[in-house]
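Student: Take this sequence and fold it.
(chains A and B)
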There are 2 protein chains.
Amino acid sequence: MKLGTVLVLGTGLVGTSIGLALRQRGVTVLLADRDLGAVRLAREMGAGQEWHSGDPVDLAVVAVPPAHVATELRGLQQRDTARFYTDVASVKVRPLARAAELGCDLGSYLASHPMAGREKAGPGAARADLFLGRPWALCPTEETLPGTRAAVLELIELCGANPVEVSAEEHDEAVAVVSHAPHVAASAVAARLAEAPEAALGLAGQGVRDVTRVAGGDPGLWLGILSGNAAPVAAVLEAVSRDLAEAATALRALAGGDESAGPEVTQLLKRGVAGHGRIPGKHGGPAARYGVVQVVIGDRPGQLARLFQVCEEVGVNVEDVRLEHAPGLPLGLAELSVQPDAAPVLARALHERGWQVPETP
Amino acid sequence: MKLGTVLVLGTGLVGTSIGLALRQRGVTVLLADRDLGAVRLAREMGAGQEWHSGDPVDLAVVAVPPAHVATELRGLQQRDTARFYTDVASVKVRPLARAAELGCDLGSYLASHPMAGREKAGPGAARADLFLGRPWALCPTEETLPGTRAAVLELIELCGANPVEVSAEEHDEAVAVVSHAPHVAASAVAARLAEAPEAALGLAGQGVRDVTRVAGGDPGLWLGILSGNAAPVAAVLEAVSRDLAEAATALRALAGGDESAGPEVTQLLKRGVAGHGRIPGKHGGPAARYGVVQVVIGDRPGQLARLFQVCEEVGVNVEDVRLEHAPGLPLGLAELSVQPDAAPVLARALHERGWQVPETP
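Tutor: The predicted structure is shown next:
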């Protein structure tokens, strides 16, 4: 089918962003929210027009908090508002069960969840490209009709996202392990920095910056996310907590001279290496092993342009770039990740053009 | 003083890198190691010349594992090898205590530790710029003579690093909290990914990638690091483990409908925000709040060069850059961090030149 008209019920960050994305693709978008100010702002941002309850639509997107998904869905279905329905809540098991309890039609409804967000909330933070290249989970059941699935897949495609089919249970357990629990773990590591003496912070390197980056997120928003998926997140955190307690016990034994505790620590580190290696690479495949070229750069405009100019001249595509500035110095290092074959080519080209490329034996 | 001749005892990654850095600054470097092959490789890499025991030097850098620092120091001091001595081990309390026990001269010895490393080990992985802009801890005691301190500060300056004075106890507790324990926590989070179903990995976003990046490090190397600082690391891990267990308990209560457990979770998240905010910015000051400009880029050579060309044209300095590729799509997002004032300037300039710059309301 071709989605001609879509209703977005709930013009928060995600709903408004869907409106913006669909408008860019020429879809007619109708907007509704209990908060009339939010609808107005979404409309002014170009996310669509205000909905008048009578208008029939092809697809209704229920973009409200998990606890309200089922009741809103029932209301829309009772008025026969749309041919197909979906929602975008960050939790799937409970809303789906509640929808069944309320007697919703589960043939025309397919639960989904775009894996995208921002630290800011509300329609004012919405962006047409919020979903670009992100995974978007959809959770079909045995009752889901083929037309419903096609309509939701078209929505995902129009938003530029990457559909991932999972069951509701798989979804909730997956986001617990790849998003919710890692967030809490990062918070617990960062909480130690809150108590640490100033001098300790002065020794902080890139590692702890990466581990704790997500811990900067809004606590209120995250309490909502964690509450909605509380049991699966708790299960992951219990396992992480247990591993860390066991590592601490082993390290206490090592501190006391009992070398036999070493293998237990190594075992946890090895499991970490294995898990880290399973994270898919940027293009959806297994994590690629890039070659890394390091180059010393000056901390002033123009240096990066010249650097990437050289990459272009030699036809090398930069897959990733990391800048490491030198605290207190006007110099830094750029780490360019490129295809393994291209690394020596690029290093040589940069060296020949006078760039300081650290020895890579 | 001016360091004319430096002895590096132990030509592993750190020792050889110090040799390379000092050679670039015109210092005469003498190399020694029990492993004659390692000395030869370090020499061939340009890190200095082989040491003949008789040669007197200005500064001796003991670059051996923590357990051997004190005995090597005593040997060098007994032969009156150098005017001043330091070491570069990743742990400070135990080697210092052992040196005192062995009757080493603690006036001419100042323990230090460059906060730099690589996942690769050995002289073959050494680089002259390994220490560029990195913190380098030094741990003076009441016995440290001013000349010793000056010589070690000169070493740090010659290597391009940033001196940070702390006591040995402060050092060991600091690296436990900013480096060693975060590594183990990242491993424990990544270990969950090792057990997770394939579909869960398909929903992985940038957050879990950042949290677990360091977990890819070599387990053998890290067991050595953790063992050498076992008690302080254990203390941090115990606190993290306790926080996560309490969060899990609170989430279990929330899952059971007990809303009163919410504030406990929020409290941990807030402590995480506070700790995250204390990590210093790139130039050693407090974490700067950069403006972020996002721009859609094509995944092919030349796009980044053109992007940074625009930054140069409008005189905007890019403080940091993050590339986010779209899995399965030839498009991605570049996030450029710039001074807050410069963000709207750059966004407008890019937009005017036809770049897709997402709406930033």
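
Student: Longest helix in chain A, by number of residues?
Tutor: Determined from DSSP state H, the single longest helix within chain A is helix A:230-255.

Student: which helices and strands does that helix pack with?
Tutor: helix A:168-175, helix A:181-195, helix A:262-277, helix B:181-195, helix B:219-228, helix B:230-255 (3 or more C-beta pairs under 8 Å, 6 or more residues apart in numbering or on different chains; DSSP states H and E). Just so you know, the C-beta spots here come from the backbone N, C-alpha and C atoms, and that holds for glycine as well.

Student: Mind listing what's buried along that helix?
Tutor: A:230-241, A:243-255 (16 or more other C-beta atoms under 10 Å in any protein chain shown).

Student: low pLDDT regions in chain A?
Tutor: A:1, A:118-121, A:281-289, A:298-301, A:324-332, A:358-361 (pLDDT under 70).

Student: So which residues of it form helices?
Tutor: Using DSSP H, helices in chain A cover A:13-24, A:36-44, A:69-78, A:93-101, A:146-158, A:168-175, A:181-195, A:198-201, A:206-212, A:219-228, A:230-255, A:262-277, A:303-313, A:342-352.

Student: quick one, which of those helices is nearest to B:Glu195?
Tutor: helix A:262-277 (7.6 Å; C-beta to C-beta).

Student: Which residues does the closest one contact?
Tutor: Contact partners of helix A:262-277, identified using C-beta atoms under 8 Å, 6 or more residues apart in numbering or on different chains, comprise A:243, A:246-247, A:250-251, A:254, A:287, B:184, B:186-196, B:212-213, B:215-217, B:219-220, B:222-223, B:226-227.

Student: Can you tell me which of those are buried?
Tutor: A:243, A:246-247, A:250-251, A:254, B:184, B:186-193, B:196, B:212-213, B:215-217, B:219, B:222-223, B:226-227.

Student: neighbours around the closest residue to chain B within the stretch 101-250 of chain A, how many?
Tutor: Relative to chain B, the nearest point of the stretch 101-250 of chain A is A:Gly133 (2.2 Å; C-beta to the nearest C-beta). For A:Gly133, the neighbour count with other C-beta atoms under 10 Å in any protein chain shown is 23.

Student: That one contacts A:Ala116, doesn't it?
Tutor: No. A:Gly133 is beyond contact range of A:Ala116, at 9.2 Å (criterion: C-beta atoms under 8 Å).

Student: Which residues are in contact with each of the two?
Tutor: The contact lists of A:Gly133 and A:Ala116 share A:Ala161, where a contact means C-beta under 8 Å, 6+ apart.

Student: nearest residue to A:Gly205 other than its sequence neighbours?
Tutor: B:Met115 (5.5 Å; C-beta to C-beta, 6 or more residues apart in numbering or on different chains).

Student: what's the burial count for that neighbour?
Tutor: 23.

Student: roughly how far apart are it and B:Gly12?
Tutor: 16 Å (C-beta to C-beta, to the nearest Å).

Student: got it, and A:Ile18?
Tutor: 55 Å.

Student: These two - which one has more neighbours?
Tutor: Neighbour count, other C-beta under 10 Å: between A:Ile18 and B:Gly12, A:Ile18 has more, with 29 against 22.

Student: what sits against the more buried one?
Tutor: Counting by C-beta under 8 Å, 6+ apart, A:Ile18 touches A:6, A:8, A:29, A:47, A:61, A:63, A:88, A:131, A:155, A:159.

Student: show me the contacts for the nearest residue to the third one once chain neighbours are set aside.
Tutor: What that stands for is A:Val29. Once flanking residues are discounted, A:Val29 sits nearest to A:Gly48: 3.0 Å by C-beta to C-beta, 6+ apart. Contact partners of A:Gly48, counting by C-beta under 8 Å, 6+ apart, are A:8, A:19, A:22-23, A:28-31, A:42.

Student: Need the residues you listed in JSON lines (columns: distance to B:His351 and neighbour count).
Tutor: Below are these laid out as JSON lines (distance: C-beta to C-beta, whole Å; neighbours: other C-beta atoms under 10 Å in any protein chain shown):
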{"residue": "A:Val8", "distance to B:His351": "26", "neighbour count": "30"}
{"residue": "A:Gly19", "distance to B:His351": "21", "neighbour count": "30"}
{"residue": "A:Leu22", "distance to B:His351": "22", "neighbour count": "24"}
{"residue": "A:Arg23", "distance to B:His351": "18", "neighbour count": "18"}
{"residue": "A:Thr28", "distance to B:His351": "26", "neighbour count": "16"}
{"residue": "A:Val29", "distance to B:His351": "23", "neighbour count": "26"}
{"residue": "A:Leu30", "distance to B:His351": "28", "neighbour count": "19"}
{"residue": "A:Leu31", "distance to B:His351": "25", "neighbour count": "25"}
{"residue": "A:Ala42", "distance to B:His351": "22", "neighbour count": "31"}
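
Student: Now for the residues you listed: which two are most distant?
Tutor: Across the contacts of A:Gly48, the longest distance by C-beta to C-beta is 14.5 Å; it joins A:Thr28 and A:Ala42.

Student: I'd guessed A:His113 sits against A:Val93; true?
Tutor: No. Look at A:His113 against A:Val93 with C-beta under 8 Å: they stay out of range, at 11.5 Å.

Student: what about those two, which has more around it?
Tutor: The neighbour comparison of A:His113 against A:Val93 (other C-beta under 10 Å) goes to A:His113, with 26 against 21.

Student: ok, how many other residues are close to the closest residue in space to the more buried one that isn't next to it in sequence?
Tutor: What sits nearest to A:His113 in space, not counting adjacent residues and going by C-beta to C-beta, 6+ apart, is A:Ala137, at 4.6 Å. Using other C-beta under 10 Å, A:Ala137 has 29 neighbouring residues.

Student: ditto for A:Pro197
Tutor: 12.

Student: quick one: contacts for it?
Tutor: So A:Pro197 contacts B:170, B:173-174 (C-beta under 8 Å, 6+ apart).

Student: what about burial for the residues you listed, which qualify?
Tutor: B:170, B:173-174.

Student: Okay, domains of chain A per the record?
Tutor: Domain assignment for chain A by automatic domain parsing gives A:5-166, A:171-277, A:291-352.

Student: nearest to B:Thr81, of these?
Tutor: domain A:171-277 (29.5 Å).

Student: which residue sits closest to A:Gly220 in space, ignoring its chain neighbours?
Tutor: Nearest non-adjacent residue to A:Gly220, counting by C-beta to C-beta, 6+ apart: B:Thr266, 7.2 Å away.

Student: For A:Ile199, which non-adjacent residue is spatially closest?
Tutor: Not quite, residue A:199 is Ala, not Ile. Nearest one to A:Ala199, counting by C-beta to C-beta, 6+ apart, is B:Val166 at 4.8 Å.

Student: Now for that neighbour: which residues touch it?
Tutor: Taking C-beta under 8 Å, 6+ apart as the criterion, B:Val166 is in contact with A:199, A:202-203, B:137-139, B:174.
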